[in-house]
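When you get a sec, could you give me coordinates for this:
(2 chains)
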Amino acid sequence: MTVALSGKEIADKLEEQFPGSIVESSQDSLVVDSEFLLKVATSLKDTPDLDFNYLVAITAVDYYDYFEVVYRLTSLEHNHSLVVKTRCYERVNPVLPSVVSLWRGAELQEREIYDLMGISFEEHPNLKRLFLWQGFKGHPLRKDYL
Amino acid sequence: MEVDEPTGMYVSTTELDITEGKVIEALKARSQQSIPDPDSWLDEELRRNIFLTTVDAILNWARRSSLWPVVCFPACCAFEFITTAASRFDISRFGMEVIRASPRQADLMITAGTLTWKMAPQVRRIYDQMAEPKWVIAMGACGISGGIFRSSYSVVPGYNRIVPVDVYVPGCPPRPEALLYGIRMLHHKISKGSIDTEGR
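So this is what the prediction gives:
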């Protein structure tokens, strides 16, 4: 059975490593400042004790005030998992760093989020609509889409 | 006519072959005349191989008796269609069991499932590639009107936006009986057709 690591414990370690990177943390998950997302993600992937070499899924949630992007990470080596979140307060042109350079599996999922939620991912190799067609107006999974 | 069964034990295959040869020779000797097929029960015209009908009747009979469906199953109604095609309901009773992967060999499109706008150009192309005459059955709520997805941003509200529909079969999904009823309705429609008014 995969062990879900405590977000709080990991967050404490990360806060030591990158001061100011953690927005909040709980037993289930931790929220990273988007400025630090790539550094934190690299650290989570490359630290031998953590070794999060597998990105299970990325999801985005619209909370009206901000978008939250959820990364579910797993280590196949240690058989443990972690939920990392980041927030984006911009609504007109939201931008987050892409994690494709770390986990190749993020490519299609970030395209899906770009398509349906309208969040751009910086340095994504091929950021274009995935399910909807070119020329489609708006991003249908946003709460204010009608 | 009985076939002589070889009996007893055989010590060699040669002996077996000889016995088999004798069986064949005996059957052949007894089978020099063909078995009679009396035609006294046939009518006079039929015995002389004469049929009298109209061109419309024979054409419509041929068309409705061998409707070959093209593959157009984008969603869950496909399973009801598959059930309809399988042995319990068995559309081969209507000469329809040949489900064509090529639109050029098909003349019926059963639209079994929700159509998205992204898929719509392909469906229209498949329809365009089917040879005339051709018919369309809109199967299920999504096929008729988009169903519960009607107000969705990505769903075509009814196949009749894309292709002309002949018969609508309601249901979500329709049971095989309903689809068979729709097919019978289409048969009825085809039988009313005339080459005189075709294409107008």
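
And the helices in the chain?
Went with chain A since none was named. Listed in chain order, the helices of chain A (DSSP state H) span residues A:7-17, A:37-46, A:106-117.

I was thinking of chain B, sorry if that wasn't clear
Under DSSP H, chain B gives helices at B:13-30, B:44-47, B:55-64, B:77-85, B:120-129, B:140-145, B:176-191.

any idea of the mean pLDDT for the fifth one?
If I follow you right, that is helix B:120-129. The predicted model assigns helix B:120-129 a mean pLDDT of 93.

Sort out which residues of that helix are buried, please.
Applying a neighbour-count criterion of 16 or more other C-beta atoms under 10 Å in any protein chain shown, one finds B:120, B:123, B:126-127 buried in helix B:120-129. To be clear about C-beta, it is placed using only N, CA and C from the backbone, and glycine gets the same treatment.

From the residues you listed, pick the one nearest chain A.
For the buried residues of helix B:120-129, the residue nearest chain A by C-beta to the nearest C-beta is residue B:120; the value is 10.2 Å.

Residue B:158 is in contact with the closest one, correct?
No: judged on C-beta atoms under 8 Å, residue B:120 makes no contact with residue B:158 at a distance of 11.2 Å.

What's the local residue count around the residue lying closest to residue A:79 once chain neighbours are set aside?
Among residues not flanking residue A:79 along the chain, residue A:2 sits closest, at 5.4 Å (C-beta to C-beta, 6 or more residues apart in numbering or on different chains). Using other C-beta atoms under 10 Å in any protein chain shown, the number of residues around residue A:2 comes to 12.

if I pick residue A:2, what's in contact with it?
Taking C-beta atoms under 8 Å, 6 or more residues apart in numbering or on different chains, we find residue A:2 in contact with A:74, A:79-81.

just curious, which of these is nearest to chain B?
Relative to chain B, the closest of those is residue A:74; by C-beta to the nearest C-beta it sits at 31.3 Å.

How many neighbouring residues does that closest one have?
Residue A:74 has 19 neighbours, counted by other C-beta under 10 Å.

now swap in residue A:98 and tell me
20.

correct me, but it touches residue A:119?
No: at 10.4 Å, residue A:98 and residue A:119 do not qualify as touching, with contact defined as C-beta under 8 Å.

wait, isn't residue B:157 in contact with residue B:146?
Yes: using C-beta under 8 Å, residue B:157 makes contact with residue B:146 at a distance of 3.7 Å.

who has more neighbours, these two?
When neighbours are counted by other C-beta under 10 Å, residue B:146 comes out ahead of the other of residue B:157 and residue B:146, with 19 against 16.

gap between residue A:55 and residue A:81?
11 Å (C-beta to C-beta, to the nearest Å).

go on, residue A:24?
Taken as C-beta to C-beta, the span from residue A:24 to residue A:81 is 19 Å.

quick one, which of those two is more surrounded?
residue A:81 (16 against 13).

Who's the closest spatial neighbour of that one, skipping the chain neighbours?
residue A:74 (4.5 Å).

wait, what's in contact with the one you found?
By C-beta under 8 Å, 6+ apart, the neighbours of residue A:74 are A:2, A:52, A:54-56, A:80-82.

mind running it again at 10 Å?
By C-beta atoms under 10 Å, 6 or more residues apart in numbering or on different chains, the residues touching residue A:74 are A:2, A:4, A:51-57, A:80-82.

confidence score at it?
So, for residue A:74, pLDDT stands at 94.

what bridges to it?
Following DSSP bridges, residue A:74 is listed with bridge partners residue A:54, residue A:81.

Distance of it relative to residue A:14?
Residue A:74 is 18 Å from residue A:14, by C-beta to C-beta.

Would you mind listing what in chain B touches chain A?
B:116-118, B:121, B:152-154 (C-beta under 10 Å from any C-beta of the partner chain).
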